[in-house]
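1. Everything below, folded, please.
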Amino acid sequence: TNHTTKPKPKPFFLCCSLLLKFPHPNKRDRRDMMIAKRTAAFSFRRSRQITYSASAPQAPPSTNNLRRNYSVTAPTSSSAAIDESSSSSPPKVQPSNPPQNMYMWGTSKKGTIPMNLLQQDAASSGGMFSGDEKIVDHPMRLNLEESALKIFLFGDEEEGVSANNDVSLDKLYCGASGTAMVLNDGRCFVMGSNKNGELGIGSEKKETSKPIHIPLPDPVAKASLGPNFSALLTTTGDLYTFGYGGSRLNGMGCLGQGNMDSHPTPTLVNSLIEDGCYASDVHCGEYSMTVLTTEGEVLTCGSGSYGRLGNLETIDQLYLEPVELMGAEDVTQIAGGFAFNLALNSGGIIHAWGRNNEGQLGTGMGLAADMYAMESLPRPIEGNLEGRTVTRIAAGHTHAAAVTSDGALFTWGMNYTHEPKLETTLLHTKIVDVACGQNYSLALDEEGRVYSMGKGKTGVLGLASTKASAYPILVEGIPEEEKVVSMNCGWAHVACATELK
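-> Have a look, this model is predicted:
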């Protein structure tokens with residue numbers, strides 16, 4: 001008797017591979033449109049070889065002749081908006097309105113907090129760190145007077161002081177081990193650790209407590225300072241990367257330059273221009289980079305370990321490539337941690353992928369207790385967020401947070417919870433924004449008040465203490481007549497901007 005052998009079911013990963021190889025017709029049409037657009041931009045291509053001198057860095061050539069007149073507005077936390085102008089002339093940056101005051105706190109290491117701009121005796125007297133590390137465990141106001149800012153930025157350089165009559169601080173970006181200061185005219189200054197070239201100031205200096213200017217042809221809209229490499233986004237939608245380029249062991253291609261070479265100074269990512277893409281946001285992780293384009297497309301490059309690139313396979317990518325399963329989504333915000341990524345679509349749904357060893361993806365318990373747990377494809381976060389519309393997302397080292405349209409705050413990760421958990425202690429107020437660092441979070445309510453929670457040994461909670469807090473507590477060090485309008489969290493230091501109520 002002949003027995004018919006049933007075919008073996010195809011494994012899940014093979015089905016996903018076929019899905020990526022043969023996408024849905026609508027997705028194929030979208031891809032054809034992108035190819036047509038990129039082909040049309042081919043005539044604008046020109047090769048560039050950007051060279052810098054470590055001792056006397058110079059700005060690379062401008063790409064205004066290759067770009068339309070775009071103006072990028074830097075996001076308050078994790079999103080950026082780009083407006084197109086009908087004018088064909090090079091973009092002109094309108095002077096921004098500087099904040100009333102800026103406050104910083106946390107641990108200053110290698111100059112991450114500009115101590116010279118803080119009030120005297122700002123550091124706690126009994127810090128647990130030594131050497132060049134100082135703890136500022138409560139909000140301290142920066143001296144933003146023009147004279148003090150000029151001296152801090154330019155020192156005794158008469159040319160720098162006299163040539164820049166209008167100097168005001170616009171934004172502060174806190175990173176893993178560095179800080180970027182962006183002035184109202186788009187000039188960017190950096191300080192902190194430069195061990196891997198992540199400050200973009202050349203390979204000679206391994207750290208700097210004095211701010212150093214990063215010359216770029218266009219004003220800076222946003223800075224993302226990672227632990228090994230960093231990126232600067234300009235108002236024209238161009239992306240510059242610098243720092244550690246990767247290795248065969250750690251992963252290659254995190255700079256998106258098509259190789260694993262390290263770049264001690266900012267280098268333009270030419271592939272975006274060749275593809276006709278404009279960047280609106282960027283995140284630098286451990287060994288991978290995530291970029292959001294103006295068309296809502298998510299691109300990734302670098303190390304593929306733990307599925308952090310979101311394309312099923314764990315191989316490295318030398319160039320920025322689209323996350324295929326997010327192609328049909330209109331992504332409005334991105335956020336990322338040490339080795340995972342989040343993307344929020346226009347419908348208010350979060351997708352997560354990457355490492356999940358501490359529940360940082362918020363997709364449930366599963367194998368989250370396993371140190372190798374991961375999601376190699378974007379997966380929607382449901383649980384307590386199901387049926388809710390998310391408006392803001394943020395990611396820290398190994399945890400994340402989200403704000404919903406009704407003003408509720410949800411957190412997950414750090415091995416505390418593996419699904420979104422509602423912070424019930426904040427139900428008395430409406431939360432409008434959230435920011436995350438290394439094992440801590442800050443929440444901003446509609447009245448401009450800041451709440452902090454998490455591990456506080458580095459002083460990042462701003463509660464005049466280094467103790468931890470499992471629930472949000474109001475940060476009382478900011479004057480009552482001021483309201484916080486934006487926050488930015490590094491791994492161990494915080495910056496926020498205020499305005500008068």
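2. what residue ranges in this protein score low on pLDDT?
-> For the chain, the stretches flagged by pLDDT under 70 are 1-99, 119-132, 156-165, 365-369.
3. Work out which residue lies at the spatial centre of it.
-> residue 283 (3.7 Å; CA atoms, centre = their mean).
4. Is it correct that that residue is in contact with residue 290?
-> Yes: in terms of CB atoms under 8 Å, residue 283 counts as a neighbour of residue 290; the distance is 4.7 Å. Glycine gets a C-beta too; all of them are placed from N, C-alpha and C.
5. which residues do the two both contact?
-> The contact sets of residue 283 and residue 290 overlap at 334, 336, 341 (CB atoms under 8 Å, 6 or more residues apart in numbering).
6. Show me the one in these that has more neighbours than the rest.
-> For the shared contacts of residue 283 and residue 290, the largest neighbour count, defined by other CB atoms under 10 Å, is 31 neighbours, found at residue 341.
7. mind checking which helix or strand that residue is in?
-> strand 340-345 (DSSP states H and E).
8. Show me how far that strand is from its chain's centre.
-> The chain centre lies 12 Å from the centre of strand 340-345; the measure is CA atoms, centre = their mean, to the nearest Å.
9. contacts for the helix or strand residue 442 falls within?
-> Residue 442 belongs to strand 440-445 when assigned by DSSP H and E. The contact list for strand 440-445, computed with CB under 8 Å, 6+ apart, reads 394, 396, 399, 401, 403, 407, 409, 411, 423, 426, 429-436, 450-456, 460-461, 472, 475, 484, 487, 489, 494, 496.
10. Strands - which of those residues land there?
-> Secondary structure from DSSP state E places 394, 399, 401, 403, 409, 411, 431-436, 450-454, 472, 484, 487, 489, 494, 496 of the contacts of strand 440-445 in strands.
11. follow-up on the earlier one: any chance of a ChimeraX selection covering the buried ones in the contacts of strand 440-445?
-> Remark: buried members of those, expressed as a ChimeraX selection using 16 or more other CB atoms under 10 Å:
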select :394,396,399,401,403,409,411,423,426,429,431,432,433,434,435,436,450,451,452,453,454,455,456,460,461,472,475,484,487,489,494,496
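12. Relative to residue 136, which of the shared contacts of residue 283 and residue 290 is nearest.
-> Of all those, residue 336 has the smallest distance to residue 136: 26.4 Å, by CB to CB.
13. how about the residue nearest to residue 388 when sequence neighbours are not counted, what does it touch?
-> Nearest-residue entry for residue 388: residue 404, 4.6 Å, with adjacent residues in sequence omitted and distances by CB to CB, 6 or more residues apart in numbering. Residues in contact with residue 404 (CB under 8 Å, 6+ apart) are 348, 385, 388, 389, 390, 391, 410.
14. Which residue, other than its chain neighbours, is closest to the second one?
-> Sequence neighbours aside, residue 420 is the residue nearest to residue 385 in space, at 4.9 Å (criterion: CB to CB, 6+ apart).
15. what's the helix or strand for that neighbour?
-> Here residue 420 is assigned to strand 417-422, by DSSP H and E.
16. and the helix or strand residue 191 falls within, how far out from the chain's middle?
-> Here residue 191, judged by DSSP H and E, is contained in strand 188-193. How far strand 188-193 lies from its chain's middle: 16 Å, per CA atoms, centre = their mean.
17. That strand packs against which elements?
-> Under the contact definition 3 or more CB pairs under 8 Å, 6 or more residues apart in numbering; DSSP states H and E, strand 188-193 sits against strand 178-183, strand 207-214, strand 220-225.
18. ok, now with 10 Å
-> Contacts defined by 3 or more CB pairs under 10 Å, 6 or more residues apart in numbering; DSSP states H and E place strand 188-193 against helix 146-154, strand 169-174, strand 178-183, strand 207-214, strand 220-225, strand 229-234.
19. thinking again about what came up before, tell me the strands beside the strand holding residue 341, with direction?
-> Here strand 340-345 is paired, per DSSP bridges, with strand 331-336 (antiparallel), strand 350-355 (antiparallel).
20. Pull out the buried residues from the helix or strand following the last one.
-> Right, strand 350-355. Along the chain past strand 350-355, the next helix or strand (assigned with DSSP H and E) turns out to be strand 374-380. Residues 374, 375, 376, 377, 378, 379 are the ones in strand 374-380 that count as buried (16+ other CB under 10 Å).
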